[in-house]
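Asker: Task: produce atomic coordinates for the following.
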Amino acid sequence: MVFQGRVLVVDDDPLIRRIFERALERLGVDATIVADGDAAVAAAQGAAFKLALIDLDLGTGARGGNVVERLRQAQVAPPTFVCISGSIMAAEHAPAGAFAGFERKPATVDEMGALLSRWNGDERGDTR
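Answerer: The predicted model follows:
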């Protein structure tokens, strides 16, 4: 298995959510995929996520850093938040301290598997 634990994905783009859903299913990863902060907080209630992949720009002015803050305030935050974006330049706009790291949005199953392996400790040598 590529990843040990549950994953929460927050992205406003329905096409991206579908790509992530298919990739995570093919990898056998237990994931919940939602479109916004309200749905993320609701999904995290009573769920034990190990990792959250959160789009930096959630459309209509919403920001991924705000979702991280809301999850932390609700005391349902996963231990690791990773900012995902289609632009490598987006990392410059991520709020300091909100995310453990930055990843480009994976477009294939192999790219998703590599991303999850990095945050599962396989390549970093830790247990994020």
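Asker: buried ones in the helix or strand bottoming out on mean pLDDT in the chain?
Answerer: Scoring the helices and strands of the chain by mean pLDDT, DSSP states H and E places helix 64-73 at the bottom, with a mean of 81. For helix 64-73, the neighbour count (16 or more other Cβ atoms under 10 Å) marks 64, 65, 67, 68, 70, 71 as buried. In short, each C-beta sits where N, CA and C put it, glycine included.
Asker: now the helices: where do they sit in this protein?
Answerer: 14-27, 37-44, 64-73, 109-119 (DSSP state H).
Asker: Take the ones you listed and lay them out in a markdown table including distance to residue 85.
Answerer: Shown next, in a markdown table, are the helices of the chain (distance: least, Cβ to Cβ, whole Å):
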| stretch | distance to residue 85 |
| --- | --- |
| helix 14-27 | 11 |
| helix 37-44 | 16 |
| helix 64-73 | 8 |
| helix 109-119 | 12 |
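Asker: Residue 98 is nearest to which of those helices?
Answerer: helix 64-73 (4.2 Å; Cβ to Cβ).
Asker: Which elements pack onto the closest one?
Answerer: Helices and strands touching helix 64-73, as assessed by 3 or more Cβ pairs under 8 Å, 6 or more residues apart in numbering; DSSP states H and E, comprise helix 37-44, strand 49-55, strand 80-85.
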